[in-house]
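Asker: Give me coordinates for this.
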Amino acid sequence: MDALSGGAHGFSWWYHRPSSPRRRRNGRERGGSCDASSESVEPVGARAGFQFPLKQALTAGSLALVGDTIAQVRERLRGLQKQELRSPDSDDDADKDVLWSSISRHDWLRALRMTSYGFLLYGPGCYVWYRYLDRQLPQQTVRNLILKVLLNQVILGPCVIAVVLAWNNLWLRKLSDLPRKYKEDFLPTLFYGEQSFTNLNILHL
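Answerer: Next comes the predicted model:
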């Protein structure tokens, strides 16, 4: 699971909802009929065809980069702690050399891999997903909130994991190893996300 941006802990940005278009009242109260005047604001040119959601893609890509950087730093700090336990008498110069060596070994290819996933797949995908939810469940009621959370947990979460695993293996040129990756990492990563970010998911809806 370490290949997945530091294991499940590297995916804490999953359930962040990239900023989605807000509904406009247009002279009416929210909760009315879901027509053109009360639906989410559509980007310019949306009626003529799909427009790439650049803002949402940039947000998701940035979060992916930050999440992967934090995961890599945590991994290196753990390595430093293990080294300190093995050699507690090391001097300050040796510690600085180890720290600098650790920083210089930052995996930029992995960072690019996760950033591109957020920019190209996660951001646009979540943008479309949440627009769909807003159109199907436009009223801000407890029932609709619960439905959105359940749909996120049952549909969005597994899809995100499946796609990011495939994306990583594609970059690593190990698509033939994907079935084993799904078998070993899919459920542990899914359970971690479900347990850790349900409350955060509610806040983003």
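Asker: you'd agree Gln140 is in a helix?
Answerer: No. Gln140 is assigned coil when assessed by DSSP: H, G, I helix; E, B strand; the rest coil, not a helix.
Asker: roughly how far apart are Leu175 and Phe186?
Answerer: 16 Å (CB to CB, to the nearest Å). For every residue, glycine as well, the C-beta is placed using N, CA and C.
Asker: Which one's more surrounded, these two?
Answerer: Between Leu175 and Phe186, counted using other CB atoms under 10 Å, the more crowded position is Phe186 (14 against 11).
Asker: Where does the prediction get shaky in this structure?
Answerer: 1-49, 84-103, 195-205 (pLDDT under 70).
Asker: buried sites along the longest helix seen in it?
Answerer: For the chain, the helix with the greatest residue count under DSSP state H is helix 54-86. Neighbour counts over helix 54-86 (16 or more other CB atoms under 10 Å) mark 56-57, 59-61, 63-72, 75-76 as buried.
Asker: and if you look at stretch 109-119?
Answerer: Across stretch 109-119, burial judged by 16+ other CB under 10 Å covers 110-111, 113-119.
Asker: With stretch 157-164 instead?
Answerer: Judged by neighbour count using 16+ other CB under 10 Å, the buried positions of stretch 157-164 are 157-158, 160-161, 164.
Asker: and of those, the nearest to Arg180?
Answerer: Nearest to Arg180 among the buried residues of stretch 157-164: Ile161, at 14.9 Å, using CB to CB.
Asker: pretty sure that closest one is in contact with Thr189, am I right?
Answerer: Yes. Taking contacts as CB atoms under 8 Å, Ile161 lies within contact range of Thr189: 5.4 Å.
Asker: So for those two, which residues contact both of them?
Answerer: With contacts defined as CB atoms under 8 Å, 6 or more residues apart in numbering, no residue is shared by Ile161 and Thr189.
Asker: okay if I get the buried residues of stretch 157-164 as JSON lines plus distance to Asn144 and secondary structure?
Answerer: Below are these laid out as JSON lines (distance: CB to CB, whole Å; DSSP: H, G, I helix; E, B strand; the rest coil):
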{"residue": "Gly157", "distance to Asn144": "19", "secondary structure": "helix"}
{"residue": "Pro158", "distance to Asn144": "21", "secondary structure": "helix"}
{"residue": "Val160", "distance to Asn144": "22", "secondary structure": "helix"}
{"residue": "Ile161", "distance to Asn144": "25", "secondary structure": "helix"}
{"residue": "Val164", "distance to Asn144": "28", "secondary structure": "helix"}
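Asker: Cool, thanks, talk later.
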